[in-house]
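Quick one: sequence plus predicted model below, questions after.
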Amino acid sequence: MKTKNALLLLALIFSFLMPAFILNCEGVVIMNLIKQHHVSMSAASWLQGCKDITIMISSFALISLISRLGSKKALFFATLIEMIICFMMATDATLNMARVYFILAGLSFAVIKISIYSSISLFAKDESQHAGFLSVLEGMYMLGILSGFWVFSFFMSYTAHWNNTFWFLGGLCAVGLVLILITPFKRTDEEPTAEDIADAAAAKKEGVFAEFVALFGRPIFFLFIILTFMYVFVEQSLTTWLPTYNNIVLKLSDVLSVQVVSIFLLGLALGRLLSAFVMKYIHWKKVLLACIILAIATFVTSIVAAYAYKPVGVSVNWLQLPYVAYLIPLTGMFIGPIYPTLCSTILTSHPKRYQVPISGLIIIFSAIGGTIGARIIGGAFESVGGISAMKIPIIPLVILLFLVLPYEFIVNRHNNGREATQ
């Protein structure tokens with residue numbers, strides 16, 4: 001039984017890693033489209049919208065279908081779509097193909113994330129385990145994005161065309177399909193509890209979509225939505241535009257501009273993995289407050305350093321990398337724990353039958369934040385320059401800082417009310 005659970009865990013992690021490669025390469029794609037196809041920055045910034053708007057719409061439209069299909073079928077079909085679009089992009093890396101690629105990648109990601117988030121309860125015994133596993137899962141996702149940037153930089157260095165990378169990614173998707181097929185997607189270590197049976201009956205009676213709509217009437221979600229939006233605004237805008245910032249503002253080579261983003265992604269991964277351990281001993285509220293303050297301080301320092309930096313030429317390797325190139329990526333370490341912690345608090349505050357609709361809500365507002373963040377940073381980059389554009393993420397970080405305490409208060413009140421009702 002433990003072997004089956006281990007196989008299920010492996011399948012969930014691998015399925016979550018594939019979108020890390022496939023969905024989050026827009027920074028690399030944007031940079032290459034701008035340089036090789038002379039696409040404007042404003043037009044390129046809409047690629048973020050192609051994937052995020054699709055994620056938002058499909059998360060809203062498919063929650064009932066995913067609940068009926070089950071995790072295994074949903075993950076299989078989503079991974080199959082990912083394999084197909086990788087092979088398409090490998091043969092025709094144009095702006096129009098990139099739009100199709102990110103639209104379908106967004107659709108696949110929505111299905112995969114809802115399926116995986118709603119399956120975490122198969123392993124988690126309590127709130128602490130849930131938060132820890134979700135942090136580990138999101139940390140692995142960040143490591144996948146980091147690896148993706150290095151994979152792209154490898155193919156950019158040693159092959160004639162940068163989009164040859166997608167042949168490799170398509171092959172990984174094929175491996176994922178086999179893993180999903182041989183994995184039993186069900187609870188194997190215990191029988192369903194009375195709460196599980198009651199939740200299933202309630203979900204069947206009310207319908208998943210009706211429960212999704214009902215969530216909007218709960219005060220706890222208003223603050224959660226704002227916090228999620230602000231965080232994803234920061235993370236996605238940096239992931240999308242940091243390669244271009246490195247290339248144009250800091251004068252790093254194409255390959256090095258992509259590779260340096262791995263520092264930011266490694267910081268996100270380490271921050272999430274470490275927070276899974278730290279939050280066993282320190283309350284999540286204190287951890288988040290400290291992380292946000294340090295992120296703001298690092299951001300301000302990076303802006304001051306960028307104004308003082310005078311490039312003497314194009315840096316082509318890590319030995320020539322200026323110190324200023326490390327500062328913005330280091331914020332990843334501090335903002336990393338924010339997202340999985342927020343998601344865990346909202347998921348563990350509600351019965352298991354709400355896992356699918358809540359996961360859909362998380363994805364929808366994450367997509368909105370990512371789209372708006374990329375558009376605003378891209379527009380500012382083109383109109384006022386890269387350094388001024390990189391001041392913008394400080395604003396949502398300050399908003400996060402002021403909303404953590406009210407959110408923690410509402411979460412505690414909600415949980416106390418739920419316990420009293422039970």
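Done, it's in. Just so it is clear, the structure is predicted and the values come from calculations on it, not from any experiment. Numbering: from 1, shown residues only.

only C-alpha atoms for contact and neighbour calcs from this point on.
Will do.

got the buried residues for the longest helix seen in the chain?
As assigned by DSSP state H, the longest helix anywhere in the chain is helix 127-158. Under the neighbour-count criterion of 16 or more other Cα atoms under 10 Å, helix 127-158 has 128-153, 155-156 buried.

Could you measure from the closest residue to S253 other than its chain neighbours over to L274?
Nearest residue to S253 in three dimensions, chain neighbours excluded: V316, at 5.1 Å (Cα to Cα, 6 or more residues apart in numbering). The gap separating V316 from L274 is 32 Å, by Cα to Cα, to the nearest Å.

returning to that earlier point: give the rounded mean pLDDT of the longest helix of the chain.
Average pLDDT, helix 127-158: 77.

Thought G369 was touching V232, still the case?
Yes - applying Cα atoms under 8 Å, one finds V232 in contact with G369, separated by 5.3 Å.

got the contact list for the host helix or strand of F16?
F16 belongs to helix 2-22 when assigned by DSSP states H and E. Contact with helix 2-22 is made by 75, 79, 82, 86, 105, 109, 112-113, 116, 137, 140-142, 144-145, 147-148, 169, 172-173, 176, 179-180, 183-185, 187-189, as judged by Cα atoms under 8 Å, 6 or more residues apart in numbering.

thinking again about what came up before, which elements pack onto the longest helix of the chain?
Other elements packing on helix 127-158 under the criterion 3 or more Cα pairs under 8 Å, 6 or more residues apart in numbering; DSSP states H and E are helix 2-22, helix 165-181, helix 254-278, helix 338-347.

list the contacts for the closest residue in space to I112 that isn't next to it in sequence?
Nearest non-adjacent residue to I112, counting by Cα to Cα, 6+ apart: L75, 5.6 Å away. By Cα under 8 Å, 6+ apart, the contact list for L75 reads 15, 111-112, 115, 180.

Can I get the residues you listed in TSV including pLDDT?
What follows is the contacts of L75, written out as TSV (pLDDT from 0 to 100):
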residue	pLDDT
S15	87
V111	89
I112	88
S115	82
I180	88
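
Dump those residues into CSV; add distance to H414 as well.
Below are the contacts of L75 laid out as CSV (distance: Cα to Cα, whole Å):
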residue, distance to H414
S15, 33
V111, 29
I112, 29
S115, 25
I180, 37
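
what about T348, neighbour count?
18 (other Cα atoms under 10 Å).

how close does it get to L400?
For T348, the distance to L400 (Cα to Cα) stands at 21 Å.

now do Q48
Distance of Q48 to L400, given as Cα to Cα: 23 Å.
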